[in-house]
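Chemist: Give me coordinates for this.
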Amino acid sequence: MSLKETIKKDMITAMKAKDNKKRDALRMLSAAMKQIEVDERVELDDPAVSKIIQKQVKQRVDAAEQYKEAGREDLYEIEMFEISCFEVYLPKQLSDEELALAIKNIIAQVGAESMKDIGKVMGSASKALSGTADGKRINACAKELLS
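Modeler: Take a look at the predicted model:
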């Protein structure tokens with residue numbers, strides 16, 4: 001079963017269980033996928049759906065931070081709930097140790113020696129680790145290892 005079908009099935013399950021918060025979160029995710037399909041006239045595969053989910057999670061994280069700073073706990077809680085609903089469909093994220101090990105291997109592969117080579121490392125790391133680590137985490141770890 002594809003990722004898109006799994007989300008649709010879970011949305012129907014949430015409807016039957018009258019879990020309105022989860023239903024609404026999954027509807028937003030489904031709408032984002034449908035928008036891409038209509039705009040680009042394509043049928044989304046699992047990697048494309050994963051990218052959309054990652055983008056939605058990133059948007060929710062940014063919004064949650066802003067709500068937290070503004071003292072809007074009610075909206076912050078909604079965003080955090082949606083993030084928890086969406087992260088179920090993403091691949092498992094690498095731990096800090098696993099990320100550091102992967103970036104050390106990439107640094108060795110590209111022959112990077114200093115911060116001047118950060119571009120080479122980031123290019124390879126972003127491709128190799130997409131979906132399993134956020135770009136900010138990859139960048140921070142690569143800078144730490146190269147300095």
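Chemist: and the protein, what are its domains?
Modeler: Taking automatic domain parsing as the domain assignment, the record places the domains of the chain at 3-87, 96-146.
Chemist: Just put those domains in a markdown table and tack on mean pLDDT and mean neighbour count.
Modeler: C-beta here means a position set from N, CA and C on the backbone, and glycine is covered the same way. Putting those into a markdown table (pLDDT from 0 to 100; neighbours: other Cβ atoms under 10 Å) gives the following:
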| stretch | mean pLDDT | mean neighbour count |
| --- | --- | --- |
| domain 3-87 | 95 | 15 |
| domain 96-146 | 88 | 16 |
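Chemist: Tell me the first helix or strand C-terminal of the helix ranked longest in the chain.
Modeler: In the chain, assigned by DSSP state H, the helix with the most residues is helix 46-70. Beyond helix 46-70 in the direction of the C-terminus, DSSP states H and E gives the next helix or strand as helix 73-87.
Chemist: mind checking how far that next one is from the chain centre?
Modeler: The chain centroid and the centroid of helix 73-87 are separated by 14 Å, computed with Cα atoms, centre = their mean, to the nearest Å.
Chemist: That helix packs against which elements?
Modeler: With contacts defined as 3 or more Cβ pairs under 8 Å, 6 or more residues apart in numbering; DSSP states H and E, the secondary structure elements packing on helix 73-87 are helix 20-40, helix 46-70.
Chemist: Helix, strand, or coil at the residue lying farthest from the centre of the chain?
Modeler: What lies farthest from the middle of the chain is residue 113; by Cα atoms, centre = their mean that is 29.6 Å. At residue 113 the chain is in coil, as set by DSSP: H, G, I helix; E, B strand; the rest coil.
Chemist: what sits against the residue nearest to the spatial centre of the chain?
Modeler: For the chain, residue 54 is the residue whose C-alpha lies nearest the centre (Cα atoms, centre = their mean; 2.6 Å). The contact partners of residue 54, by Cβ atoms under 8 Å, 6 or more residues apart in numbering, come to 90, 131.
Chemist: repeat for residue 56
Modeler: Residue 56 makes contact with 28, 29, 32, 82, 86 under the criterion Cβ under 8 Å, 6+ apart.
Chemist: Cheers, nothing more for now.
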